[in-house]
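Visitor: Sequence plus predicted model, see below.
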Number of protein chains: 2
Amino acid sequence: MSSECPVPIREREVILIGHGSGGRMTSELLERVVVPALSNPTLDALDDAALLHLPSGERIAFTTDSYVVSPIFFPGGDIGDLAVNCTINDLAVSGARPIALSLAFILEEGFPIEDFRRVVASVKRAADRARVSVVTGDTKVVGHGSGDGVFVNTSGVGVVPDGLALGSAQVRPGDAVIVSGTIGDHGVAILAHRQGLAIRGDLRSDTAPLHELTRAMLEISPRIHAMRDPTRGGLAATLVEIATRRKLGVEVFESALPVRDEVRGACEILGLDPAMVANEGKLVAFIPEEDAGVVLEAMRAHPLGKDAACIGRVTDEHAGMVVVRTPFGSTRVLDLPLTEPLPRIC
Amino acid sequence: MSSECPVPIREREVILIGHGSGGRMTSELLERVVVPALSNPTLDALDDAALLHLPSGERIAFTTDSYVVSPIFFPGGDIGDLAVNCTINDLAVSGARPIALSLAFILEEGFPIEDFRRVVASVKRAADRARVSVVTGDTKVVGHGSGDGVFVNTSGVGVVPDGLALGSAQVRPGDAVIVSGTIGDHGVAILAHRQGLAIRGDLRSDTAPLHELTRAMLEISPRIHAMRDPTRGGLAATLVEIATRRKLGVEVFESALPVRDEVRGACEILGLDPAMVANEGKLVAFIPEEDAGVVLEAMRAHPLGKDAACIGRVTDEHAGMVVVRTPFGSTRVLDLPLTEPLPRIC
């Protein structure tokens, strides 16, 4: 992918806002600067959480994310529950049972302490909902103009049950591709709120913890090959990354993509593709064909999976590409935008 | 302690730079806003790393810190090796063997990519030196004026060997208090560099990984009661916290404090007490009196412990207070400053 990027890093020289978009500029920055320097098999897997083997034979999942979402409070959530839920989800899609979270704040001088209390209370509610404790933390302060209210980092540790072996490396041709619900809700809610867009209906973030949904899925089918958390860059980024890294094809049926009417409408106004917009309470699963039916059924029985849908399949054709079949019988290639118009979406 | 703070939070209403100092304002913010909301026994221990019990019976240590040090590059190190070393040290002083690190960047638009490469390379060198891998990461970007070049978060996971039970809760009257070397080096180096202070001699950060030193100490005496990493707020913050939380007294012999001449000189010019200035490659240990001699000997045999010194002892007198005995026979109470003139020291 990086070789296709028309703007090489050496000509840009500085970090641009698009490097944080989850689009091709993000991939390129990571592939050129970070991954080569720090390369090791666990990091290179670039799954949502790293799998660690302990001396006892026990396996744990370990993940980190920083949150810079703007605004801090938005319809459906805030930076506090967003951080907790997203870290829970990174563990959950790795097959892990979350056991502990860390919480680190970077506060800007002048940030109202009342807002800080609100964020901490939101972290607490989200952690309680997921039955996980915040066990360690840190608080730093920077001067006015060197931060933006509050940035949050949450890292998480989870225990991976014996017998599970999820990961992008397990994805195979023939796998069914399933999403757990409607796509684009989080990113569109943030952007509409930021732009003051008045849209009929309810545009709110889908931020939610998915560990109970994934547990139900894995109880029905411990053979699930991989699950991913389609946040920045949306469903498209997740599918393109799997196709590119695994040199497999992915075929998506456009008419099968679950998109809420309000989100579709807002995307038309904003000029966005819902498949390229961040989700914060959805997962994408790659499932052996023969198990897809029972897993889908189990997902739909859970409130956070009620709109789950099989949206496509993995193929050994058009390796490295995600091809979308439209309802009119035509096809188009789904690629990442160089950047996307959604900075600081999470 | 919080009840002694002369400026209650409700009258300040917003985050002030002093809330990040590691002084009394930091304690007060945590004790009033964060700890009550998120309280649980593991978090409340407020040790440098949290101890987690896994289903297998294995114990792991888990820690997090964000780094906002300014400038990013300073004599003796940069934000990259500082982050790695400090996280290694939080694990090491918990008795853990570090096994994996996470790495999350918040980059500001306009930050030179060449500087980003330097920081990543520095992370790599420090991780290699400590024989630990960065296994998972994250990169976010914020607009110009919403960050300051680069902020780093590193979290770490380590394995705690059977038989060890370190923690502030283990500290007992009679314990010897030992520091592993000269104090104040990091904070004074940063401040002198920031102020363009020309001081004869070599002022540089002491940033270094202490996991081999702690291993040597624990091999000699698995009965060590507690170890701490005296970063923000320096030796004073660490001792005052132990005294206050454990309702014990600590007696410090001023003449025993190892301080480099350059650091002492710079502190005099800058009006600082070396005991209140951050260290990034030192530890404080609380050791049963009968083991103190052999541990000190083992520490001095290690390059990072060659200046180790016994600086005092834990008492059951003057509970909650740290008392310094001067060479002239007088005593003074060591307390935290409300804030300290050292924002963004790590």
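Guide: Good, I have the coordinates. Residues are numbered from 1 along each chain as shown, chains lettered A, B, ... in the order given.

Visitor: burial measure for A:His53, as a count.
Guide: Number of residues near A:His53 (other Cβ atoms under 10 Å in any protein chain shown) recorded here: 12. Placement of C-beta: from N, CA and C, glycine included.

Visitor: I'd like to know how far it sits from chain B.
Guide: With the distance defined as Cβ to the nearest Cβ, to the nearest Å, A:His53 ends up 9 Å from chain B.

Visitor: what's near enough to touch that residue?
Guide: The contact partners of A:His53, taken as Cβ atoms under 8 Å, 6 or more residues apart in numbering or on different chains, are A:Arg59.

Visitor: Give me the mean pLDDT for stretch A:327-337.
Guide: In this model, stretch A:327-337 has a mean pLDDT of 90.

Visitor: brain fart, stretch A:117-130
Guide: When pLDDT is averaged along stretch A:117-130, the result is 97.

Visitor: From the chain's centroid, how far away is that stretch?
Guide: Offset of stretch A:117-130 from its chain centre (Cα atoms, centre = their mean, to the nearest Å): 20 Å.

Visitor: Tell me which residues of it come out buried.
Guide: A:118-124, A:126-127, A:130 (16 or more other Cβ atoms under 10 Å in any protein chain shown).

Visitor: Likewise for stretch A:42-60?
Guide: Buried residues in stretch A:42-60, counted by 16+ other Cβ under 10 Å: A:42-43, A:45-52, A:54, A:58-60.

Visitor: for the closest residue to A:Asp261 other than its chain neighbours, what are its contacts?
Guide: Spatially, and ignoring its direct neighbours in sequence, A:Asp261 is nearest to A:Gly201 (6.9 Å; Cβ to Cβ, 6 or more residues apart in numbering or on different chains). The neighbours of A:Gly201, taking Cβ under 8 Å, 6+ apart as the test, are A:260-262, A:265.

Visitor: among those residues, which are in helices?
Guide: Using DSSP state H, the members of these that fall in helices are A:261-262, A:265.

Visitor: Put the buried members of those into a PyMOL selection.
Guide: Applying 16+ other Cβ under 10 Å to the ones in helices among the contacts of A:Gly201, the buried members can be selected in PyMOL as follows:
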select buried, chain A and resi 262+265
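
Visitor: my guess is A:Pro258 meets A:Asp307, correct?
Guide: Yes. Between A:Pro258 and A:Asp307 there is a contact at 4.9 Å, judged by Cβ atoms under 8 Å.

Visitor: anything in contact with each of these two?
Guide: A:181-182.

Visitor: Restricting to the buried residues of stretch A:117-130, which residues neighbour chain B?
Guide: Near chain B, judged by Cβ under 8 Å from any Cβ of the partner chain, the entries from these are A:120-121, A:123-124, A:127.

Visitor: mind listing which of those residues are in helices?
Guide: Among those, DSSP H puts A:120-121, A:123-124, A:127 in helices.

Visitor: what about A:Ala198, neighbour count?
Guide: When neighbours are counted by other Cβ under 10 Å, A:Ala198 registers 7.

Visitor: SS state for it?
Guide: Assigned by DSSP: H, G, I helix; E, B strand; the rest coil, the conformation of A:Ala198 is coil.

Visitor: ditto for the one 4 residues further on
Guide: Local secondary structure at A:Asp202 is given as coil here, using three-state DSSP.

Visitor: so what pLDDT did the closest residue in space to A:Leu338 that isn't next to it in sequence get?
Guide: In space, and not counting its chain neighbours, A:Leu338 is closest to A:Arg24: 5.0 Å by Cβ to Cβ, 6+ apart. With respect to pLDDT, A:Arg24 scores 85.

Visitor: A:Met276 is in contact with A:Gly234, correct?
Guide: Yes. Counting by Cβ under 8 Å, A:Gly234 does reach A:Met276; the two are 4.6 Å apart.

Visitor: measure the residue nearest to A:Leu338 to A:Ala226 for me?
Guide: Per Cβ to Cβ, to the nearest Å, A:Arg24 is found 22 Å from A:Ala226.

Visitor: now A:Leu82
Guide: Using Cβ to Cβ, we find A:Leu82 at a distance of 24 Å from A:Ala226.

Visitor: all helices of chain A, in order?
Guide: Assigned by DSSP H, the helices in chain A fall at A:9-12, A:24-29, A:35-38, A:41-44, A:79-92, A:113-129, A:185-195, A:211-220, A:234-246, A:261-270, A:289-300.

Visitor: Of these, which is nearest B:Ala192?
Guide: B:Ala192 lies closest to helix A:35-38 among the helices of chain A, at 30.3 Å (Cβ to Cβ).

Visitor: Could you export the closest one as CSV, CA atoms only?
Guide: This file holds the C-alpha atoms of helix A:35-38, laid out as CSV (Å, rounded to 0.1, in the frame of the first residue of the first chain):
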residue,chain,number,x,y,z
VAL,A,35,6.8,-0.5,12.4
PRO,A,36,10.3,-0.8,10.8
ALA,A,37,12.0,0.7,13.8
LEU,A,38,10.2,-1.4,16.4
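
Visitor: which regions of the stretch 1-150 of chain A lie under the pLDDT threshold?
Guide: For the stretch 1-150 of chain A, the stretches with pLDDT under 70 are A:1-12.

Visitor: If I look at the residue most central in space within chain A, what pLDDT would I see?
Guide: Computing the C-alpha centroid of chain A and ranking residues by Cα atoms, centre = their mean puts A:Thr231 first, at 2.6 Å. A:Thr231 is assigned a pLDDT of 95 by the prediction.

Visitor: any idea how far the closest residue to it other than its chain neighbours is from chain B?
Guide: Computed as Cβ to Cβ, 6+ apart, the closest residue to A:Thr231 that is not its neighbour in sequence is A:Ala278, at 5.1 Å. According to Cβ to the nearest Cβ, A:Ala278 and chain B sit 12 Å apart.
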